[in-house]
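S.K.: Predicted model follows, preceded by the sequence.
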Amino acid sequence: MRQHDHPADTDHTGTDTAPQRPSPATSWGMAARATLHCLTGCALGEVLGMVVGTAFAWHNAPTMALAVALAFLFGYSFTMSAVLRSGVPFRSAVKVALAADTVSIAVMELVDNGVVLLVPGAMDAHLASGLFWGTLASGFAIAFLVTTPVNRALITRGKGHAVVHGHH
């Protein structure tokens, strides 16, 4: 990309009303942090759901449904707690969390659960099994790699986790 020179006395303060796009380095870093934030909530909810479903010997569908529901709950809760601490009212914090995290959590869950479903025997593995934990960890790692560019695209457009930054 070619840059142009400006005279030293040119002042552009307040003259540009167009939204500024983050630099590629900044947006990748922000995307990775947003994805890690999402992954933390998703992983806690997902693991709790899988543990509960496996402990009660539930079938795969209700176990996965609980895991996904808890992943969304934990993901939204993490965002809401940060937004609420900044003094935003509860209803507004809910709206911010939904706007900030829905796409990220949905992609994370789709990829993670897709990996778990594709690995033979993973859904039937017991909690003490290396297959259970290895598949879950692999699913989270792959989901992180897939979701980070999604979050970068959202942040670059002022959507997704970028919405939260106005409330920190």
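M.R.: Right, received. Where do you want to start? As the structure is a prediction and not an experimental result, all values here were calculated from the model.
S.K.: Between its first and last residues, how far does stretch 122-141 reach?
M.R.: With CA to CA, to the nearest Å as the measure, stretch 122-141 spans 16 Å from end to end.
S.K.: mind checking which helix or strand the residue most central in space within the chain is in?
M.R.: Per CA atoms, centre = their mean, the C-alpha nearest to the average position across the chain is that of Cys38, at 2.9 Å. For Cys38, the host element (DSSP states H and E) is helix 24-55.
S.K.: Please identify the buried residues of that helix?
M.R.: Of the residues in helix 24-55, those scored as buried under the neighbour-count criterion (16 or more other CB atoms under 10 Å) are 27-28, 30-31, 34-35, 37-39, 41-50, 53-54. Just so you know, the C-beta spots here come from the backbone N, C-alpha and C atoms, and that holds for glycine as well.
S.K.: For Met64, give its distance to Phe74.
M.R.: With distances defined as CB to CB, to the nearest Å, the gap from Met64 to Phe74 amounts to 16 Å.
S.K.: now do Phe90
M.R.: When CB to CB is applied, the distance between Phe90 and Phe74 equals 18 Å.
S.K.: thinking again about what came up before, angle of the helix or strand that the helix holding Cys38 is followed by against helix 24-55?
M.R.: Sequence-wise, the next helix or strand downstream of helix 24-55 (DSSP H and E) is helix 60-85. With axes from the mean of the first three to the mean of the last three CA atoms, to 10 degrees as the basis, helix 60-85 and helix 24-55 are set at 130 degrees to each other.
S.K.: Can you give the distance of helix 60-85 from its chain's centre?
M.R.: The chain centroid and the centroid of helix 60-85 are separated by 11 Å, computed with CA atoms, centre = their mean, to the nearest Å.
S.K.: just checking, what packs against the following helix or strand past that helix?
M.R.: Of the helices and strands lying after helix 60-85 in sequence (DSSP H and E), the nearest is helix 90-118. In terms of contacts (3 or more CB pairs under 8 Å, 6 or more residues apart in numbering; DSSP states H and E), helix 90-118 is packed against helix 24-55, helix 60-85, helix 130-156, helix 162-165.
S.K.: For Leu117, which of those helices is the nearest?
M.R.: Nearest to Leu117 among the helices and strands packed on helix 90-118 is helix 60-85 (8.1 Å), distances taken as CB to CB.
S.K.: What residues sit buried inside that closest one?
M.R.: Using 16+ other CB under 10 Å as the test for burial, helix 60-85 gives 63-64, 66-68, 70-76, 78-80, 82-84.
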